[in-house]
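Sequence and predicted structure, then a few things I'm wondering about:
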Amino acid sequence: MIIAKVVGHVWATKKEDSLSGLKLMVVKKLSGGESFVAVDVVGAGIGERVLTVSGSTARRAVGKDDLPVDCAIVGIIDAIEVDKEARTKNE
Amino acid sequence: MIIAKVVGHVWATKKEDSLSGLKLMVVKKLSGGESFVAVDVVGAGIGERVLTVSGSTARRAVGKDDLPVDCAIVGIIDAIEVDKEARTKNE
Amino acid sequence: MIIAKVVGHVWATKKEDSLSGLKLMVVKKLSGGESFVAVDVVGAGIGERVLTVSGSTARRAVGKDDLPVDCAIVGIIDAIEVDKEARTKNE
Amino acid sequence: MIIAKVVGHVWATKKEDSLSGLKLMVVKKLSGGESFVAVDVVGAGIGERVLTVSGSTARRAVGKDDLPVDCAIVGIIDAIEVDKEARTKNE
Amino acid sequence: MIIAKVVGHVWATKKEDSLSGLKLMVVKKLSGGESFVAVDVVGAGIGERVLTVSGSTARRAVGKDDLPVDCAIVGIIDAIEVDKEARTKNE
């Protein structure tokens, strides 16, 4: 699961029928900054940090296994607590 | 889901039988510029920005789970709206 | 399977219902340092080196195939023994 | 799907039984140059540009879902036509 | 499928029950040098070049689809023959 930030929206009129009604958001990986598109199932808003899943797991998250979806937002992050010592010490 | 741009076509006479009749397009990731080949199911044209899915999801998009396809174009993008502040501010 | 180090926790109140009760940890790849979030099923603690799996395998590890989970901690590493000669010699 | 070039062969006497009889070729990604091994199902030869699929899709391509195969050559490319303007213009 | 070299062992006492008895080896990608952990099903030894598979394919290789395994060694490489001209010429 990747921590990302919601940065925008995408609109596509001409699309696979089964994508109709899904909310497509542009998210940006927090570490690294790569952008991708995810289907939001938890009501996330611009600027929020979210938890995303990809691949076949994203279809499970959206709830129908035959959807053409490979990335989904599954949680809105309240807090991240990282232990500085553990993060920087290399063994 | 990756935002990409359609940049070309690929032709392969000698191929897996089940690929016959599928429209194979060369697409280029918008952020980063890597190129790959995707099966188009929405009638995309050269120069258009599209939404692509990969892996087992691409087989779902093309509609038959036993096709040797791992990337598909599932939407033609009308508009992308990115919040500048959200995109550049790092927390 | 990736060797990573547990460096923190993530909290998300608003999330996919099925994620409730799962322990979400921030882990950092030992080689490379990229961070991601994994569900812990073996009782790992901050600072420990762990074995993680991703994709559909992570759902198997957590034990329910319809969970929106794509990364899991499946072992706590006691020891890593690397043969220096094998590692550095390039054929 | 990735465009790659066939550059060599791999031999492995000691292997998973179900790999017996499969033709293992070394292929090199056309953009980027990374090398990997793919099972050839279309009769590709050294120097040819091919279309490869990976992951669970490769098992479908080889035709048996329980094979330990995660990359396959599914087409021999006759021609690639890329629109120069579309490829270089960034929006 | 990735060509890698076996460079070490990993031990984990506290782990998912179903991992018990599996041989966990540290392998290093031949091109690039990234390290990861793979379950050995062919009796590979330190210093040998091996063929690895990942994702759902690795579970097939180990023989049980519900194992928390996403990388496996499926062959010991005897020889790699690469055509120099094909490898270096870019079209």
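Sure thing, it's come through. Numbering: from 1, shown residues only, chains lettered A, B, ... in the order given.

so A:Leu51 touches C:Thr13, yeah?
No - look at A:Leu51 against C:Thr13 with CB atoms under 8 Å: they stay out of range, at 11.8 Å. Every C-beta, even on glycine, is put in place using the N, C-alpha and C of the backbone.

How about the longest strand anywhere in chain A and chain B, any contact?
When chain A is parsed with DSSP state E, its longest strand is strand A:2-11. Yes - Strand A:2-11 comes into contact with chain B (CB under 8 Å from any CB of the partner chain), by way of A:5-11.

Turn these into JSON lines, columns for neighbour count.
Shown next, in JSON lines, are these (neighbours: other CB atoms under 10 Å in any protein chain shown):
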{"residue": "A:Lys5", "neighbour count": "24"}
{"residue": "A:Val6", "neighbour count": "24"}
{"residue": "A:Val7", "neighbour count": "22"}
{"residue": "A:Gly8", "neighbour count": "20"}
{"residue": "A:His9", "neighbour count": "17"}
{"residue": "A:Val10", "neighbour count": "21"}
{"residue": "A:Trp11", "neighbour count": "12"}
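
Just after the lengthiest helix in chain A, pick out the following helix or strand.
For chain A, the longest helix by residue count, based on DSSP state H, is helix A:56-62. Toward the C-terminus, helix A:56-62 is succeeded by strand A:71-76 as the next helix or strand (DSSP states H and E).

and the direction of that following strand versus that of strand B:2-11, what angle?
Counting by axes from the mean of the first three to the mean of the last three CA atoms, to 10 degrees, strand A:71-76 points 170 degrees away from the direction of strand B:2-11.

by contact count, what packs against whatever helix or strand comes next after strand A:71-76?
Going down the chain from strand A:71-76, the next helix or strand is strand A:79-82, by DSSP H and E. On a contact count with 3 or more CB pairs under 8 Å, 6 or more residues apart in numbering or on different chains; DSSP states H and E, strand A:79-82 meets strand C:2-11.

what about 10 Å?
strand C:2-11, strand C:24-29, strand C:35-40 (3 or more CB pairs under 10 Å, 6 or more residues apart in numbering or on different chains; DSSP states H and E).

Tabulate these (JSON lines), appending mean pLDDT and distance to chain E.
Formatted as JSON lines, the helices and strands packed on strand A:79-82 follow (pLDDT from 0 to 100; distance: least, CB to the nearest CB, whole Å):
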{"stretch": "strand C:2-11", "mean pLDDT": "97", "distance to chain E": "6"}
{"stretch": "strand C:24-29", "mean pLDDT": "96", "distance to chain E": "10"}
{"stretch": "strand C:35-40", "mean pLDDT": "97", "distance to chain E": "11"}
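
Rebuild these as JSON lines, extending it with distance to chain A.
Shown next, in JSON lines, are those (distance: least, CB to the nearest CB, whole Å):
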{"stretch": "strand C:2-11", "distance to chain A": "4"}
{"stretch": "strand C:24-29", "distance to chain A": "6"}
{"stretch": "strand C:35-40", "distance to chain A": "4"}
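
Next, find the distance separating A:Lys29 from chain C.
Applying CB to the nearest CB, to the nearest Å, the value for A:Lys29 to chain C is 10 Å.

Could you check how many residues crowd around that residue?
A:Lys29 is flanked by 17 other residues according to other CB atoms under 10 Å in any protein chain shown.

So what pairs up with it in the strands?
On the basis of DSSP bridges, A:Lys29 is bridged to A:Ala4.

Test my guess that it contacts A:Ser35.
Yes - counting by CB atoms under 10 Å, A:Lys29 touches A:Ser35, with 7.6 Å between them.

what's the overlap in contacts for the two?
The contact sets of A:Lys29 and A:Ser35 overlap at A:4-5 (CB atoms under 10 Å, 6 or more residues apart in numbering or on different chains).

What pLDDT does the model give A:Ala12?
Per-residue confidence (pLDDT) for A:Ala12: 97.

right, I mislabeled it, should have said A:Ser56
95.

And A:Lys84, by the same measure?
pLDDT at A:Lys84 comes out at 87.

What number of residues are in the vicinity of it?
So A:Lys84, with other CB under 10 Å, has 9 neighbours.

Please tell me how far it sits from C:Gly47.
From A:Lys84 across to C:Gly47, the span is 11 Å (CB to CB, to the nearest Å).

list residues touching both of these two?
What both A:Lys84 and C:Gly47 touch, as defined by CB under 10 Å, 6+ apart, is the set C:Val7.

before we move on, back to that, so does the longest helix of chain A get close to chain E?
Yes - applying CB under 10 Å from any CB of the partner chain, one finds helix A:56-62 in contact with chain E at A:Ser56.

So which elements touch that helix?
strand A:35-40, strand A:49-54, strand A:71-76, helix B:56-62, helix C:56-62.

I'd like these laid out as CSV, including distance to D:Pro68.
Shown next, in CSV, are these (distance: least, CB to CB, whole Å):
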stretch, distance to D:Pro68
strand A:35-40, 30
strand A:49-54, 23
strand A:71-76, 27
helix B:56-62, 17
helix C:56-62, 15
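
Using a markdown table, lay out these together with mean neighbour count.
A markdown table is the format used below for the helices and strands packed on helix A:56-62 (neighbours: other CB under 10 Å):
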| stretch | mean neighbour count |
| --- | --- |
| strand A:35-40 | 23 |
| strand A:49-54 | 26 |
| strand A:71-76 | 26 |
| helix B:56-62 | 24 |
| helix C:56-62 | 24 |
